[in-house]
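Chemist: Sharing a model prediction with you, sequence too.
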Amino acid sequence: MSNAAPKMTASGVNVFYGRKQAIRDVSIDVRREDVTAFIGPSGCGKSTFLRTLNRMNDTIPGARVEGDIRLDGEDIYAKAMDVVQLRARVGMVFQKPNPFPKSIFENVAYGPRIHGLARSKADLAQIVERSLTRAGLWAEVKDRLSDSGTALSGGQQQRLCIARAIAVDPEVILMDEPCSALDPIATAKIEELIHELRGRYAIVIVTHNMQQAARVSQRTAFFHLGQLVEYGDTSDIFTNPRQDRTKDYITGRYG
Amino acid sequence: MNKRAAPVARQPTDWQTPAMQRHVRRRYAAERRFRLLGLAAVCASAAFLFYLLATMIAQGASGFTETRLALPLDLRGHVTVTRAQLNGAAADLALAGAGLENAVDAAADRAFPAQGGEALLSDGAWLRVRDAIKRHPRLLATPVTIPVPVATDIDMAYKGIGTPESEAAVAALGTHLSRGLNVSFFTGADATDPTRAGIWGALKGSLLTMLVTLALAFPIGVLSALYLEEYAPRNRWTDLIEVSINNLAAVPSIIFGLLGLAVFLGTFHMPRSGAIVGGLTLALMTMPVIVIAGRNAITAVPPSIRDAARALGASPIQVVFHHVLPLALPGILTGTIIGMARALGETAPLLMIGMRAFIAAPPGRLTDPATVLPVQIFLWSDDVQTGFVEKTSAAIIVLLVVLLAMNGLAIYLRNRFETRWK
């Protein structure tokens, strides 16, 4: 498989919550080298679609996914797909920072431990240090790894959650509005972090903030009423949208 | 553009008018009234509690003491046993067979003929002499004076509530009488003579019963709660189960007693009055309480924690045992202790399965006939002898102490787990 092949492909995806259809016939490719942003007004289905990419919707009663979603050409909704492994390969960061009520070290070590990624204690400590360093948090917490993860500030908690996600060395990281609960300074740090993580992981980020999408992403998808309206290079979407609905949204006509 | 009505000039609110001032005063008065009502409610409940504890202690404290009569004894020639017989387990039998009880009664008749002789002594007086001889066999060979417990009417009279005759006897005995801690109350079981009655039989019965209840109700209750919250699909069947569990928690306890009688005794022919049957019956009653408390505690664990674990690739069982259960445990423990405390104080269902029998020996095994603290209290409070009044209060104090100890343990466990996980 060439490096140019998309990391994830979705084609003809429909999502239902009970009888209500939340996503209509969405087809999209996620490139492995890029940050892909999903934008759109509230309730347009962008978070729902994001959660189909690592099957987090499985746990919602009444949710049903149709269509074809592939990770490196492998059907992730196939019977043979192990959901536990899929989620190790496709990590996720949530809207509200949700560290475990355990120590900082335990938060990051949890993933490697349950997947048996560390061969020894020293190995595990190394993974924790590397993950925290990559998440830009090591310098701030290296002297208090045994403190509770919930005692950190909101921005630090979110970076801890990112460190936790990259500790299992995923291939894709899904971020569901990771900055919406953070102040501008913490937001800037997360955006910087996304820049640094780009290339190592394929990143998909859902955001309400169009400036953020413009700043961090190379590809942007605009969702509206459960449909994918437009998908293309971020520069094109923001400067030269082909669809009127995209233009209206970007110029602040609605949303 | 739609037309707008011309803006009305704004009238500034005058906060100083008498009507306004009255309004403000009324609000403050309401505030004060509410605070006073709350304070009064707290004071009233504290007063009731204090009254209860004070009367219990005032009436029950004397139940822990006994009156002793210094009895001069000369057993030479009356009781003949060999040294060898006094060693080992056969000593009790040897001394009883040698006529020790009669010898002690005769000694009382000789020493205090005018005051009532052997009628002064408790049924258990000779047992005290027996134990003393077992410790010091030389007592058989010399004249000695041994303090022995007195009969219940003398005991009551010495404690201040006797009949005229017994009070006269107490006055005549004078300094031969003394007071001491009633050790046999803590080591003995029920008896017809209040001076011999002990609480240990009922306490041990209660502990064995609680052990069975906890061993069954806790794991089954917690596993049910976990399954219903984390695994069970939401459909009509789980709704039905949920309603049934909620109703079970509200079923009067005597119904569980009838169920235990029919199922455990009737169908399975388990031993009547056994702690195991009591424990099983109380487990039926406690389980719904634990399930409900457990489900509440599990629901209170934030869904974001489950999401976080799932998104890292934790399997459902890892989500439950690494995250949900540890966070829910303090709440589950609180619910369990509430359920256990209720079970510990339960009388009615145990009456149905025969635990109200007169049990004169502490139960050794789960299948031995046993009684429990609240039933013992019920039985003693029903007894006509005055001596059982203070025993009843003393037993209530023991029951309260056990309850407090259980609650203390619960608080300790809860704090321990909370500091570990939060």
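Modeler: Yes, it's here.
Chemist: Not counting sequence-adjacent ones, nearest residue to residue B:220?
Modeler: residue B:287 (5.9 Å; C-beta to C-beta, 6 or more residues apart in numbering or on different chains). Bear in mind the C-beta positions are built from the backbone N, C-alpha and C, glycine included.
Chemist: mean confidence score for the helix or strand that neighbour falls within?
Modeler: For residue B:287, the host element (DSSP states H and E) is helix B:275-299. Computed over helix B:275-299, the mean pLDDT rounds to 93.
Chemist: I'd like to know how far whichever residue of the stretch 151-255 of chain A sits closest to chain B sits from residue A:89.
Modeler: Closest to chain B within the stretch 151-255 of chain A is residue A:168: 6.2 Å, counting by C-beta to the nearest C-beta. Distance, residue A:168 to residue A:89, using C-beta to C-beta, to the nearest Å: 9 Å.
Chemist: For the residue of the stretch 151-255 of chain A closest to chain B, give me its contacts.
Modeler: Neighbouring residues of residue A:168 by C-beta atoms under 8 Å, 6 or more residues apart in numbering or on different chains: A:88, A:91, A:111, A:112, A:115, A:117, B:312, B:313.
Chemist: Mind doing that once more with 10 Å?
Modeler: A:87-89, A:91, A:108, A:110-115, A:117, A:127, A:131, B:311-313 (C-beta atoms under 10 Å, 6 or more residues apart in numbering or on different chains).
Chemist: quick one, what contacts the closest residue to residue B:162 other than its chain neighbours?
Modeler: Setting aside the residues directly before and after it, residue B:162 is nearest to residue B:156 in space (C-beta to C-beta, 6+ apart), at 5.0 Å. Applying C-beta under 10 Å, 6+ apart to residue B:156 gives the contacts B:62, B:67, B:150, B:162-163, B:166-167, B:170, B:194-195, B:385-387, B:389-390.
Chemist: Who wins on neighbours among those residues?
Modeler: The residue in the contacts of residue B:156 with the most neighbours, by other C-beta atoms under 10 Å in any protein chain shown, is residue B:150 (30 neighbours).
Chemist: quick revisit: show me what the helix holding residue B:287 is packed against.
Modeler: Under the contact definition 3 or more C-beta pairs under 10 Å, 6 or more residues apart in numbering or on different chains; DSSP states H and E, helix B:275-299 sits against helix B:200-226, helix B:236-250, helix B:253-260, helix B:325-344, helix B:348-352.
Chemist: where are the low-confidence patches of the chain?
Modeler: Just so you know, I chose chain A. Confidence mapping of chain A against pLDDT under 70 gives the ranges A:1-4, A:254-255.
Chemist: wrong chain, I was asking about chain B
Modeler: Ranges of chain B meeting pLDDT under 70: B:1-5, B:419-422.
Chemist: Run through the residues of it sitting next to chain A.
Modeler: B:233-235, B:301-316, B:318-319, B:322-323, B:326-327, B:418, B:420-422 (C-beta under 10 Å from any C-beta of the partner chain).
Chemist: rerun at 8 Å
Modeler: Counting by C-beta under 8 Å from any C-beta of the partner chain, chain B comes close to chain A at B:233-234, B:302, B:304-315, B:318, B:322-323, B:327, B:421-422.
Chemist: Give me the buried subset of those residues.
Modeler: B:305-315, B:318, B:322-323, B:327, B:421 (16 or more other C-beta atoms under 10 Å in any protein chain shown).
Chemist: Those in helices, which ones?
Modeler: B:305, B:306, B:307, B:308, B:309, B:310, B:311, B:318, B:327, B:421 (DSSP state H).
Chemist: Look up phi and psi at the residue of the stretch 151-300 of chain B found nearest chain A.
Modeler: The nearest approach of the stretch 151-300 of chain B to chain A comes at residue B:234, 5.7 Å away (C-beta to the nearest C-beta). Backbone geometry at residue B:234, expressed as degrees, to the nearest 10, gives phi -80, psi 100.
Chemist: what's the distance between it and residue A:203?
Modeler: For residue B:234 relative to residue A:203 (C-beta to C-beta), the value is 35 Å.
Chemist: what sits against residue B:315?
Modeler: Contacts of residue B:315 (C-beta under 8 Å, 6+ apart): A:84, A:114.
Chemist: Angles on the backbone of it, please.
Modeler: Per degrees, to the nearest 10, the backbone of residue B:315 is at phi -80, psi 160.
Chemist: Then residue B:199?
Modeler: Dihedral angles (degrees, to the nearest 10) for residue B:199: phi -100, psi -10.
Chemist: ditto for residue A:16
Modeler: According to degrees, to the nearest 10, residue A:16 has phi -120, psi 140.
Chemist: For it, which residues count as its bridge partners?
Modeler: With DSSP bridges as the criterion, residue A:16 is bridged to residue A:21, residue A:64.
Chemist: That one: what's it in contact with?
Modeler: Counted by C-beta under 8 Å, 6+ apart, residue A:16 has contacts A:22, A:62, A:63, A:64, A:66.
Chemist: Just the buried subset of those residues, written out for ChimeraX, thanks.
Modeler: Typed into ChimeraX, the line below selects the buried ones among those, using 16+ other C-beta under 10 Å:
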select /A:22,63
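Chemist: can you list the domains in chain B?
Modeler: B:62-181, B:200-421 (automatic domain parsing).
Chemist: what's the distance between residue B:287 and residue A:250?
Modeler: 59 Å.
Chemist: cool, and residue A:157?
Modeler: Taking C-beta to C-beta, one finds residue A:157 at 31 Å from residue A:250.
Chemist: who's more crowded, those two?
Modeler: A count of neighbours by other C-beta under 10 Å puts residue A:157 above the other of residue A:157 and residue A:250, at 23 against 20.
Chemist: tell me the contacts of the closest residue to residue B:116 other than its chain neighbours?
Modeler: The shortest distance from residue B:116 to any non-neighbouring residue, by C-beta to C-beta, 6+ apart, is to residue B:169 (5.8 Å). Applying C-beta under 8 Å, 6+ apart to residue B:169 gives the contacts B:115, B:116, B:120, B:154, B:157.
Chemist: who's in contact with residue 206?
Modeler: Because you didn't say which chain, this covers chain A. With contact set as C-beta under 8 Å, 6+ apart, residue A:206 has these partners: A:37, A:38, A:39, A:46, A:47, A:50, A:175, A:176, A:177.
Chemist: actually chain B
Modeler: Here residue B:206 is in contact with B:344, B:372, B:373, B:402 (criterion: C-beta under 8 Å, 6+ apart).
Chemist: got a list of what the spatially closest residue to residue A:18 that is not a sequence neighbour touches?
Modeler: Nearest residue to residue A:18 in three dimensions, chain neighbours excluded: residue A:62, at 4.3 Å (C-beta to C-beta, 6+ apart). Contacts for residue A:62 (C-beta under 8 Å, 6+ apart) come out as A:16, A:17, A:18.
Chemist: Make a markdown table out of the domains of chain B and add distance to residue A:217.
Modeler: Shown next, in a markdown table, are these (distance: least, C-beta to C-beta, whole Å):
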| stretch | distance to residue A:217 |
| --- | --- |
| domain B:62-181 | 79 |
| domain B:200-421 | 21 |
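Chemist: residue nearest the centroid of chain A?
Modeler: Taking C-alpha atoms, centre = their mean, the centroid of chain A lies closest to residue A:174, which sits 1.3 Å from it.
Chemist: nearest residue to that residue other than its sequence neighbours?
Modeler: residue A:92 (4.6 Å).
Chemist: quick one, helices of chain A?
Modeler: A:46-52, A:83-89, A:104-115, A:121-134, A:138-141, A:154-167, A:184-197, A:210-216, A:234-239, A:244-250.
Chemist: Identify the residues contacting the second one?
Modeler: Judged by C-beta under 8 Å, 6+ apart, the contacts made with helix A:83-89 from elsewhere in the structure are A:54-56, A:58, A:71, A:76, A:111, A:115, A:168, A:170-172, B:310-315.
Chemist: Tell me which two of the contacts of residue B:206 sit farthest apart.
Modeler: B:372 and B:402 (10.6 Å; C-beta to C-beta).
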